[in-house]
Each structure stands twice: as structure tokens, then as C-alpha cells.
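Undergrad: After the sequence you'll find the predicted model.
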Amino acid sequence: MSENNAIRIAKVKYTGDYTLRLQWANEKELTVDLREPVFRLKGLRPLRDTAAFALAGAGEGGHSVVWPGAIDMGAARLLEMALEQNGRADAVEFIRWRWKHGLSLTDAAEALGLSRRQVAYYASGEHAVPRTVLLACKGWEVERQAAA
């Protein structure tokens, strides 16, 4: 799996009520409800029309979902929202830790003493992130701060 495969969107299906079913490059499928950002963000206002919202598709390279009118949402944010909405707070916490520290999958694996493959499973939401790993993330962060 390449560094960004987990956050590439392969297919987008409108399922009604501001909800999309996203299939990722790793073939995992998650549903994401976008009602909140559509009604909160000015740039997404045109998508309040459900006919316009239903025209969602995968952007070039799978890095986003796009709609007519040059409206898009990034794949990374959509994955984060989908995991959170689907009860995967563990994966969201792990992803946010990696992003906060700018860690690639390889860097995160080295920091935690795990295989790159296992870190990729955690980062994609494919495997549950054990509490011990989340605690190791916090410990790594504290160690890094103490060394600075």
C-alpha cells in the first residue's frame, strides 16, 4: 500500500439526505453525513440543493469529492469525518496524532516500534487502534516535548 492509498477515494455514491457512501482505494467503504458542513460553510451553500449534492463524484486522483461549480472536499478530511461518524474515535485520534506531528506512516511506525503495515491499518481505520498504541502516541509526544 502506498503512503496515501488509504486516503484516496475510488468511488462515491449518493445515498440521500446529504450522505455519501465512499469506497477508498483500499476497498474499505464508509458512509459520511455532510449535512453539518453543508449548512455551516458558506462555500458549500450550493449543495443545500439535494439535486446538486447528489452530483458528487471522486476528484482527480481520488484526493477529493467534487461537485459541479468547483466545489470539493479533501479525502483526508472526509476519511476523518467518516471514521468519527462510524464510531472509530480510535482511528481518528491516531490520524490526528500523525498529522499534528507531520509523521509519515514509516515515521509513525519507527516512533512507536510497530511495522509500517500495522500503522497503515490503523491509519486507514482497517484495524482498531489498541489503547496501548494510543497511550504510546501520548508517551512519544511527552518524550519529544521533554527533549525540546
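TA: Done, it's in.

Undergrad: okay, CA-based contacts and neighbour counts for the rest of this
TA: Noted.

Undergrad: Residue 84 is in what secondary structure piece?
TA: If you go by DSSP states H and E, residue 84 is part of helix 75-85.

Undergrad: List the buried residues of that helix.
TA: Neighbour counts over helix 75-85 (16 or more other CA atoms under 10 Å) mark 75-76, 78-84 as buried.

Undergrad: what do you get for stretch 92-110?
TA: 92-95, 97-98, 104-105, 108-109.

Undergrad: quick one: low-confidence ranges for the protein?
TA: Scanning the chain for pLDDT under 70 picks out 1-6.

Undergrad: ok, which stretches of it are strands?
TA: 9-16, 19-24, 29-33, 57-58, 64-67, 71-74 (DSSP state E).

Undergrad: Need these in CSV (columns: mean neighbour count and distance to residue 117).
TA: Below are those laid out as CSV (neighbours: other CA atoms under 10 Å; distance: least, CA to CA, whole Å):
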stretch, mean neighbour count, distance to residue 117
strand 9-16, 19, 20
strand 19-24, 20, 17
strand 29-33, 19, 19
strand 57-58, 22, 26
strand 64-67, 21, 24
strand 71-74, 16, 24
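
Undergrad: backbone phi and psi for residue 128, please?
TA: Backbone torsions for residue 128, taken as degrees, to the nearest 10, come to phi -60, psi 140.

Undergrad: Would you map out the domains in this structure?
TA: Domain ranges of the chain: 5-74, 89-147, per automatic domain parsing.

Undergrad: Can you pull out the residues in contact with the top helix by length along the chain?
TA: Longest helix in the chain, counting residues (DSSP state H): helix 131-147. By CA atoms under 8 Å, 6 or more residues apart in numbering, the residues outside helix 131-147 that reach it are 90, 93-94, 97, 111-112.

Undergrad: quick one: which of those residues sit in helices?
TA: Per DSSP H, these map to helices at 90, 93-94, 97, 111-112.

Undergrad: Return the distance of the closest residue to residue 23 other than its chain neighbours relative to residue 70.
TA: Spatial nearest neighbour of residue 23, excluding adjacent residues (CA to CA, 6 or more residues apart in numbering): residue 29 at 4.3 Å. Applying CA to CA, to the nearest Å, the value for residue 29 to residue 70 is 25 Å.
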